[in-house]
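> With the input below, show me the fold.
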Amino acid sequence: MKIEVLKKEGGYIKLNIKGTDPHTLFNLLHEELLKDPEVSLAGYWKNESFYDSIILQVRMIDEKMDPMEAIYRALERIREKTTEFIEVAKKLGN
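Residues are numbered from 1 along each chain as shown. From the prediction side, this is the model:
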């Protein structure tokens, strides 16, 4: 996976992400970002002009806030849910 920052300013970031599954992770990340009360906009789309990459953008309500922090928080929530699911699924196998 390769990530390029296309734009970052005043509580906004736009990333170009190459070499990944186009929808699985980013649909989940998009949904988690929208649950963050400090995020005013989160979106992604497949950009075929960039060699089948994903464009992810996040805008914070407060321009002084770092949108990467919101991405980190959302990814951590995804990790927690995934870990919980794995533990429950393991119990089903026993």
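> So which residues of this protein form helices?
For the chain, applying DSSP state H gives helices covering 24-34, 67-93.
> Below-threshold pLDDT in the chain: ranges please.
22, 49-51, 94 (pLDDT under 70).
> Not including adjacent chain positions, what is the nearest residue to the residue nearest to the spatial centre of it?
Nearest residue to the geometric centre of the chain (C-alpha atoms, centre = their mean): Leu29, 3.7 Å. Sequence neighbours aside, Ala74 is the residue nearest to Leu29 in space, at 5.7 Å (criterion: C-beta to C-beta, 6 or more residues apart in numbering). For the C-beta atoms, the positions are set from N, CA and C on the backbone; glycine is no exception.
> can I assume that neighbour is in contact with Leu25?
No. In this structure, Ala74 is not within contact of Leu25 by C-beta atoms under 8 Å, at 10.8 Å.
> more neighbours, the two?
Ala74 (22 against 17; other C-beta atoms under 10 Å).
> one step back: tell me who's in contact with the residue nearest to the centre of the chain.
Tyr44, Leu56, Ile71, Ala74, Leu75, Ile78 (C-beta atoms under 8 Å, 6 or more residues apart in numbering).
> so how far is Leu92 from it?
With the distance defined as C-beta to C-beta, to the nearest Å, Leu29 ends up 27 Å from Leu92.
> With Lys7 as the reference, name the closest of the helices of the chain.
helix 67-93 (10.7 Å; C-beta to C-beta).
> Report all helices and strands that the closest one contacts.
strand 12-18, helix 24-34, strand 39-47, strand 53-60 (3 or more C-beta pairs under 8 Å, 6 or more residues apart in numbering; DSSP states H and E).
> Quickly compare those and say which is most buried.
Among the helices and strands packed on helix 67-93, strand 53-60 has the highest mean neighbour count (mean count of other C-beta atoms under 10 Å), at a mean of 21.
> I'm done for today, thanks for sticking with me.
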